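Trainee: Structure of the sequence below:
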Amino acid sequence: MVDSVTSKPPILAGVGQKMASDIPKLRPEKIQNIQPIAQNISLASALAQKGPPFDAARIASLKEAIASGNYRIDLGAIADGVIRFGSKSPG
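Mentor: Residues are numbered from 1 along each chain as shown. Purely as a prediction, here's the structure:
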């Protein structure tokens, strides 16, 4: 026989009760540290909504240079950058 979908409590039901029971255990000194975290989250959210920096004039000038054949690639500068990047030790 198959049990009804509603015959069992949700798996996360106990998790919410456990978290609620832990609230009184929070110490005031830990609660005071929430303010800077909230400010950082607010700043991160604002920056995410704003989107990445975008210079439309620079993009247009690069497109024009590429289309006209005036955009030159400096292979030496690229090679130097690859070497500098590769020479940095991780961590």
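Trainee: This protein: helices as residue ranges?
Mentor: 13-22, 28-31, 34-50, 56-68, 75-87 (DSSP state H).
Trainee: Could I get the ones you listed in TSV, plus columns for mean neighbour count and mean pLDDT?
Mentor: C-beta coordinates here come from the backbone N, C-alpha and C atoms, glycine included. TSV is the format used below for the helices of the chain (neighbours: other Cβ atoms under 10 Å; pLDDT from 0 to 100):
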stretch	mean neighbour count	mean pLDDT
helix 13-22	10	53
helix 28-31	8	60
helix 34-50	9	85
helix 56-68	10	94
helix 75-87	9	93
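Trainee: Can you tell me how far residue 75 is from residue 66?
Mentor: As judged by Cβ to Cβ, to the nearest Å, residue 75 and residue 66 stand 16 Å apart.
Trainee: repeat for residue 47
Mentor: Going from residue 47 to residue 66 by Cβ to Cβ gives 30 Å.
Trainee: Repeat that for residue 40.
Mentor: 39 Å.
Trainee: Likewise for residue 44?
Mentor: For residue 44, the distance to residue 66 - Cβ to Cβ - is 34 Å.
Trainee: Same check on residue 48?
Mentor: 30 Å.
Trainee: So residue 62 is in contact with residue 71, correct?
Mentor: Yes: the criterion here is Cβ atoms under 8 Å, and residue 62 meets it with residue 71 at 6.8 Å.
Trainee: For residue 69, grab phi and psi.
Mentor: Backbone torsions of residue 69, given as degrees, to the nearest 10, read phi 80, psi 10.
Trainee: Show the pLDDT at it.
Mentor: Listed pLDDT for residue 69 reads 95.
Trainee: ok, it - how many residues close by?
Mentor: As a burial measure, residue 69 scores 7 neighbours (other Cβ atoms under 10 Å).
Trainee: and it, what is it in contact with?
Mentor: Applying Cβ atoms under 8 Å, 6 or more residues apart in numbering to residue 69 gives no contacts.
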